[in-house]
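Asker: okay, predicted coordinates and the sequence, questions at the end:
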Amino acid sequence: MTLKNDMLLEMQRRMLRIRYFDERASKMVKRGEIPGTVHTSIGQEAQVVGATMALGESDYMTGNHRSHGHPIGKGAALGPLMAELVGKAWGVCGGKGGSMHLADFKVGSLGESGIVGSSIPIATGAALSSKVLNNGKVSLAFFGDGAANQGCLYEAMNISSVWKLPIIFLCENNQYALSTPAHTVTAGVLSNRASGFDMPGVRVEDGQSVLTVYDAVKTAVDRARAGQGPSFVEVVTYRFNEHSEGLRLAVDYRDAEQKAAWLQRDPIKLFRAHMLEHGVADEATLAGLEAEVMAEVDASVAFANESPFPELSVAFKDIYTEPLGAKQ
Amino acid sequence: MTLKNDMLLEMQRRMLRIRYFDERASKMVKRGEIPGTVHTSIGQEAQVVGATMALGESDYMTGNHRSHGHPIGKGAALGPLMAELVGKAWGVCGGKGGSMHLADFKVGSLGESGIVGSSIPIATGAALSSKVLNNGKVSLAFFGDGAANQGCLYEAMNISSVWKLPIIFLCENNQYALSTPAHTVTAGVLSNRASGFDMPGVRVEDGQSVLTVYDAVKTAVDRARAGQGPSFVEVVTYRFNEHSEGLRLAVDYRDAEQKAAWLQRDPIKLFRAHMLEHGVADEATLAGLEAEVMAEVDASVAFANESPFPELSVAFKDIYTEPLGAKQ
Amino acid sequence: MTIMSYLGAIGAAQREAMDADSRVIIMGEDVEANVYGTMGGGKSRADKGDFLQMYGASRIRNTPISEEVMVGAAAGAAMTGLRPIVDLSYSTFLYMAMDQFINQVAKSRYMFGGQSSMPVVFRSAMFYGLSTAAHHSDRPYPMFMNMPGIKIMVPATPTDAKGLLRTAIDMDDPVMSFEACMLWGLKEDVDEGEFRIPFGVARTVREGTDVTLVAISSAVQQAILAAKTLEAEGISVEIIDPRTLVPLDSEAIFRSVAKTGRLVIADPANKTCGAAAEISALVSETIFDSLKAPIMRVTTPDTHIPFSPALEKQLYPNALTIADAIRKVAGMKKQ
Amino acid sequence: MTIMSYLGAIGAAQREAMDADSRVIIMGEDVEANVYGTMGGGKSRADKGDFLQMYGASRIRNTPISEEVMVGAAAGAAMTGLRPIVDLSYSTFLYMAMDQFINQVAKSRYMFGGQSSMPVVFRSAMFYGLSTAAHHSDRPYPMFMNMPGIKIMVPATPTDAKGLLRTAIDMDDPVMSFEACMLWGLKEDVDEGEFRIPFGVARTVREGTDVTLVAISSAVQQAILAAKTLEAEGISVEIIDPRTLVPLDSEAIFRSVAKTGRLVIADPANKTCGAAAEISALVSETIFDSLKAPIMRVTTPDTHIPFSPALEKQLYPNALTIADAIRKVAGMKKQ
Ligand SMILES: Cc1ncc(C[n+]2csc(CCOP(=O)(O)OP(=O)(O)O)c2C)c(N)n1
Ligand SMILES: Cc1ncc(C[n+]2csc(CCOP(=O)(O)OP(=O)(O)O)c2C)c(N)n1
Ligand SMILES: [Mg+2]
Ligand SMILES: [Mg+2]
């Protein structure tokens, strides 16, 4: 597909928002400014943005523990996300979710899940309501190569196919589940499992190219919106950082050469070069874009710092829609 | 494969044992002599026996709620099975399991499961121990077309394939899950799902032919025993009775014509004719066999009747290996 | 008013809700064929199953046997505009979807700071006492009481089944309905019109002065029998049916025990960490000084459910075991 | 004796058992790389992960992220000759395999009339108090206490972790080990030699005469601090750590309460239908007449675990909340 220049620039903008946001978050974790840990999408920005840009504003999306990229890619404001990571009251979840459980219903983000695989049925249910309410919304479930071995994925693929639900199963194959290489725990090629559930399964080998990912996902989204049912899209990519920030393993579970080769394929650098080459934008425009996004990330941190911590009583709110149960 | 005549007669014998046992059990349920209900394998005997005869004595097997055929096909004694159905002390599980939870470890029957799909991981574990202990035993999991939509099946297929476990996933596709036609809740063809998990998947269209089923399963068993890993075998068959004995549904969920056609294809009659035709046995031999089996079933009922009911205290035994917890 | 069975009342509440709100849908295994009899128009079953005929295939959905995605999909649908009722048939099958229940259904609203509500009802039947053995006979509501976020109803009468279920379907929080198969055939006069019974309000089944008897689900019928026996012996028993366990009307229990000074709890669930344990703990930490005797629990002991009727019958709280416990505490004077 | 951390003790017990019996295998996610530090040789980690080097790939098995089949396969293997240890990493992931735990692991031996035994250990870490929010912080042992068939250990010290885990691995019944991440770094002198601590035998952490304080898992450390504070105030606290919840050493608790007449239970699990509720109910139904004051529970309230440290810290039983509860009951005279 050929896309308008402003759309291409928006893709780069969103990839940059993810990159700068995650780089900042990583620093803050190491400085102890963010409690717990975070899982960055650094290196996987093309895979995330290629998918989210193929969705409409009001389409639904669920994700996993590698969680910042998804809502950012879907268009969420950075301030409330950063405030959430810091555990502040102005956080998108009021400080109760944290990095692994971001959700921004305003942009169709129905929630990241700290439980691997667990959000896939949720996305399936959102697709069911689109179908029953006939509102034309499409649903997309992000999950990793590791999550692809959870049984609930196959239950979801089967029921989605039978009911012809408007959903895309988006497998982020970064080739590792924590320390475990995908090929050591996965039989065959994941995208080949789709045909057994009577749906198209495509494997995007070049997950570092945002346009390639976009094309594959857009095809699946159009298909879903046209009422033709679910698709499975596997995107091969690589995470540049450790599984989670601060994690240090004695074991070199990732091949050094392979790693070096992948680090060369930075999706943001690649797309930047592509745009310059094809005259989509000049150096000045791109530098301006980068500065803008950096400023946006700075602002998000300022927003987080400004925010108060939540009141103690907030811990007892929203267990139910009415005040019920534990009070202190 | 060409089999010795005595093996063919043994196949017919086991099919008859299942048929007569289940016909008797059905009567007893309706007369209130068996508490609860039973799920018969009447009409599916070829699918059961073709599979169990392909296994060795000491190989492992797990099953489901349609539970009598599996241990009978594996060679279990009928008396303790019938006593179990009646809830007696001499039952194979001491009266604590009942129809849906038969198990006879003496013949490698590790247990039927009242929870659909739930025994598949158990069979996978038995295959794991064969692999680790290197004892050459093969494991087979019986489950229905309905169970094939449980996620744990795909977790089991994946791990079995990755670990090259000696296991056969035997899908008894009788085309219905209770009142639900398989094609209305199943995407695509079940056996086609195997390739996505990097294992052979075969579909036996003529599940009423014990020899056809045997050949397909034997190939899978040999493969497993040779260390080449798991296989998926789907057998298309039909249950002649209602889902469970005594169940009466107002809805005709099974097509009348299709049903009539299948009832014509009685696996026992078909194999009887085959043996006569090919001179495997003459009328007298077969009539003798049938009489023998009928006598065996009569004896099993006598055994069950003779057995006392379990002592009240038995309800509190075997919760743990030591006497612990509830005492009365 | 009309004579309605417990099973019929469940069907009637669902019918009312389906008629009242097009966002209400029903999904589950074999719901189209109305296998369990709760999807009925009330008249005799039609050739395609009543609800399917009345509401169509978009709102009455047979699912594959996939409890995990069934529960999660209902949750996802509930967060995005539908109000699903999920029929999970037997309570012992709930474990298949435990992750979705606990990590998604119960936690989402909280984790996401109130961004979502979760209007979904999960129905299941506790098929105990009917010789179906350990894989069909569990009464697992205490496990769900241990994790906040899901409301729990345990109706003991047709009226409560209809009124509570209607409230549940109209509610914006997730609800689990634990229905006792032993009660399916129980009949009484029930208002055919719309009515709702609030959660968290116990029902005083019978007033009394000597001993408070809290009875749950099928134990309520047994409690009534026990109370009648004891009345003849001069022991006056007050029976309280909480009707919902989350929220629990502990105040009603406290008021009664403050009056009687004695408490027996009859609960068909397992004993350890069961609903009876919680009620006992609440009472002894809150109104200890009113207690004149030990708090006794009459529950199913910590066993699995054996198949043989010769073994199973003894396990559940019944009029005799309940009466014995009451006699014990009634006789006991505080030293 | 040698100084050992709680985490090191878990590794040591597994190492002992792996050396002693070749039927013992370990399976779980990321066990090869020893991500959580319990698969270590005790020395510094080697480039392939110690256990993997020491025992090889057949006995140290990385699994796919498939908890359901992982648990079921371990059960099937245990019924056929192996003695698996399953590392499920975090306790909040257990729900994924709930059906296998309840319907297979816990029930099989019973349903099959004792034909099978189930020698398998399921380890998981309760990762609470560390800002990992609702999907990593659960303390779900009460749910498993409600269903018989699985033994439960909740070690509070390195010594207990090593001795109980070794007993668990040698035992022919299934065991769940709930390990508290808060204690991972806790160090003490531990016997490097083989020793086993029996299940169902509580440990009297501290003798006292005024109030019995039953403390579970990470609450034990807080209980000790509280007891020291109160000693200064003239309140003598007896601390009992049950160490295993199934079986529970209720006799030890009864003996202590018979002496003190007062009971406080400190338990990091949720309140409703929790371990504290069960202990309270057992005591009030068994030795009611010895009680001089209400039984108080100090637990995590019925909330999910919020992410923000500003919210989470207040939730767990700590020395202050425990001390307050003890002061309350110590002051109370029976009317
Ligand atoms: C049910 C469950 N099991 C295990 C974990 C622990 N865990 C967190 S992330 C992770 C690896 C996930 O790998 P993948 O799905 O490929 O996502 P990635 O981290 O590579 O993006 C594991 C095992 C979990 N959070 N949930
Ligand atoms: C987890 C679970 N869900 C639902 C049921 C109720 N149930 C019992 S048998 C059955 C149909 C099973 O169909 P299939 O697997 O095809 O086996 P068949 O009865 O056709 O032999 C259902 C839904 C159950 N026992 N367990
Ligand atoms: Mg990955
Ligand atoms: Mg079937």
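Answerer: Thanks, I have the structure now. Ligands and ions are numbered 1, 2, ... in the order given.

Asker: contacting residues around residue A:97?
Answerer: If you count contacts by CB atoms under 8 Å, 6 or more residues apart in numbering or on different chains, residue A:97 has them with A:84, A:91, A:103, C:111-113, D:133-134, D:307. Bear in mind the C-beta positions are built from the backbone N, C-alpha and C, glycine included.

Asker: what is the most widely separated pair among those residues?
Answerer: Maximum pairwise distance among the contacts of residue A:97 (CB to CB): 14.4 Å, between A:91 and D:134.

Asker: tell me the centre residue of chain C?
Answerer: residue C:154 (1.4 Å; CA atoms, centre = their mean).

Asker: what's the local residue count around the residue nearest to that residue when sequence neighbours are not counted?
Answerer: Nearest residue to residue C:154, sequence neighbours excluded (CB to CB, 6 or more residues apart in numbering or on different chains): residue C:217, at 4.6 Å. When neighbours are defined as other CB atoms under 10 Å in any protein chain shown, residue C:217 has 29 of them.

Asker: same deal with residue A:227?
Answerer: Residue A:227: 12 neighbours (other CB under 10 Å).

Asker: same check on residue A:44?
Answerer: So residue A:44, with other CB under 10 Å, has 27 neighbours.

Asker: hmm, it is touching residue A:213, no?
Answerer: No. Contact criterion CB atoms under 8 Å: residue A:44 and residue A:213 do not qualify, at 10.1 Å.

Asker: overlap in contacts, those two.
Answerer: Shared contacts of residue A:44 and residue A:213, counting by CB under 8 Å, 6+ apart, come down to residue A:207.

Asker: rewinding a little: show me what contacts the residue nearest to the centre of chain C?
Answerer: Counting by CB under 8 Å, 6+ apart, residue C:154 touches C:141, C:178, C:180, C:216-217, C:242-245.

Asker: narrow the residues you listed to those in helices?
Answerer: In this view, those that belong to helices under DSSP state H are residue C:141.

Asker: of the contacts of residue C:154, which belong to strands?
Answerer: Among these, DSSP state E puts C:178, C:180, C:244-245 in strands.

Asker: ok so, going back, contacts with ligand 3 among the contacts of residue A:97, please.
Answerer: Applying CB under 5 Å from the ion to the contacts of residue A:97, one finds that nothing falls near ligand 3.

Asker: dump the residues you listed into a markdown table; add neighbour count and secondary structure as well.
Answerer: Below are the contacts of residue A:97 laid out as a markdown table (neighbours: other CB atoms under 10 Å in any protein chain shown; DSSP: H, G, I helix; E, B strand; the rest coil):
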| residue | neighbour count | secondary structure |
| --- | --- | --- |
| A:84 | 32 | helix |
| A:91 | 28 | coil |
| A:103 | 30 | coil |
| C:111 | 34 | helix |
| C:112 | 25 | coil |
| C:113 | 25 | coil |
| D:133 | 32 | coil |
| D:134 | 27 | coil |
| D:307 | 34 | coil |
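
Asker: residues of chain A that sit close to chain B?
Answerer: Within chain A, the positions adjacent to chain B are A:149-155, A:157-159, A:161-162, A:184-189, A:192-199 by CB under 8 Å from any CB of the partner chain.

Asker: just the buried residues of those residues.
Answerer: Buried subset of the residues of chain A next to chain B (neighbour count, 16 or more other CB atoms under 10 Å in any protein chain shown): A:149-155, A:157-159, A:161-162, A:185-188, A:192-199.

Asker: returning to that earlier point: can you pull the contacts of the residue nearest to residue C:154?
Answerer: Counting by CB under 8 Å, 6+ apart, residue C:217 has contacts C:126, C:139, C:154-156, C:178, C:180, C:183, C:267-268.

Asker: pLDDT added to these, as TSV?
Answerer: Shown next, in TSV, are the contacts of residue C:217 (pLDDT from 0 to 100):
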residue	pLDDT
C:126	98
C:139	98
C:154	98
C:155	98
C:156	98
C:178	98
C:180	97
C:183	97
C:267	98
C:268	98
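
Asker: and whatever residue of the stretch 101-250 of chain A ends up closest to ligand 2, helix, strand or coil?
Answerer: Closest contact between the stretch 101-250 of chain A and ligand 2, by CB to the nearest ligand atom, is at residue A:155 (11.6 Å). Secondary structure of residue A:155, reduced to three states by DSSP: H, G, I helix; E, B strand; the rest coil: helix.

Asker: wait, doesn't it sit right on residue C:64?
Answerer: Yes. Using CB under 8 Å, residue A:155 is in contact with residue C:64, at 7.2 Å.

Asker: joint contacts of the two?
Answerer: What both residue A:155 and residue C:64 touch, as defined by CB under 8 Å, 6+ apart, is the set residue B:149.

Asker: pretty sure residue C:264 belongs to a strand, no?
Answerer: Yes. Assigned with three-state DSSP, residue C:264 falls within a strand.

Asker: re earlier: need the contacts of residue A:97 in TSV with pLDDT, can you?
Answerer: Listed next are the contacts of residue A:97 as TSV, based on pLDDT from 0 to 100:
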residue	pLDDT
A:84	98
A:91	98
A:103	98
C:111	98
C:112	98
C:113	98
D:133	97
D:134	98
D:307	98
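
Asker: next, format those residues as JSON lines and append distance to residue B:64.
Answerer: Below are the contacts of residue A:97 laid out as JSON lines (distance: CB to CB, whole Å):
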{"residue": "A:84", "distance to residue B:64": "46"}
{"residue": "A:91", "distance to residue B:64": "48"}
{"residue": "A:103", "distance to residue B:64": "39"}
{"residue": "C:111", "distance to residue B:64": "37"}
{"residue": "C:112", "distance to residue B:64": "39"}
{"residue": "C:113", "distance to residue B:64": "43"}
{"residue": "D:133", "distance to residue B:64": "39"}
{"residue": "D:134", "distance to residue B:64": "35"}
{"residue": "D:307", "distance to residue B:64": "42"}
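
Asker: related to what we said a few turns ago, and the contacts of residue C:154, which are buried?
Answerer: Buried among the contacts of residue C:154 (16+ other CB under 10 Å): C:141, C:178, C:180, C:216-217, C:242-245.

Asker: with distance to ligand 3 as extra columns, can I get those in a markdown table?
Answerer: Rendered in a markdown table, the data for these read as follows (distance: CB to the ion, whole Å):
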| residue | distance to ligand 3 |
| --- | --- |
| C:141 | 37 |
| C:178 | 39 |
| C:180 | 45 |
| C:216 | 46 |
| C:217 | 45 |
| C:242 | 47 |
| C:243 | 47 |
| C:244 | 43 |
| C:245 | 41 |
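
Asker: now the strands for chain A?
Answerer: Here chain A has its strands, by DSSP E, at A:60-62, A:139-144, A:167-173, A:176-177, A:180-181, A:201-204, A:231-236.

Asker: ok, so of the contacts of residue C:154, who is nearest residue B:275?
Answerer: residue C:180 (52.1 Å).

Asker: got the residues of the stretch 101-250 of chain C near chain A?
Answerer: Residues of the stretch 101-250 of chain C lying near chain A (CB under 8 Å from any CB): C:103-104, C:108-117, C:148-149, C:151, C:171-173, C:200, C:246-247.

Asker: coming back round to it: ok, the contacts of residue C:154 vs residue B:180, which is closest?
Answerer: Of the contacts of residue C:154, the one sitting nearest to residue B:180 (CB to CB) turns out to be residue C:178, at 24.2 Å.

Asker: was I right about the closest one contacting residue C:126?
Answerer: Yes. The criterion here is CB under 8 Å, and residue C:178 meets it with residue C:126 at 5.8 Å.

Asker: now do the shared contacts for the two.
Answerer: In contact with both residue C:178 and residue C:126: C:91, C:139, C:217, using CB under 8 Å, 6+ apart.

Asker: check contacts around the second one.
Answerer: Shown in contact with residue C:139 (CB under 8 Å, 6+ apart): C:91, C:126, C:128, C:178, C:217, C:268-270, C:300.

Asker: kindly write the ChimeraX command that selects the buried subset of those.
Answerer: To isolate in ChimeraX the members of those that are buried, counting by 16+ other CB under 10 Å, one can use:
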select /C:91,126,128,178,217,268,269,270,300
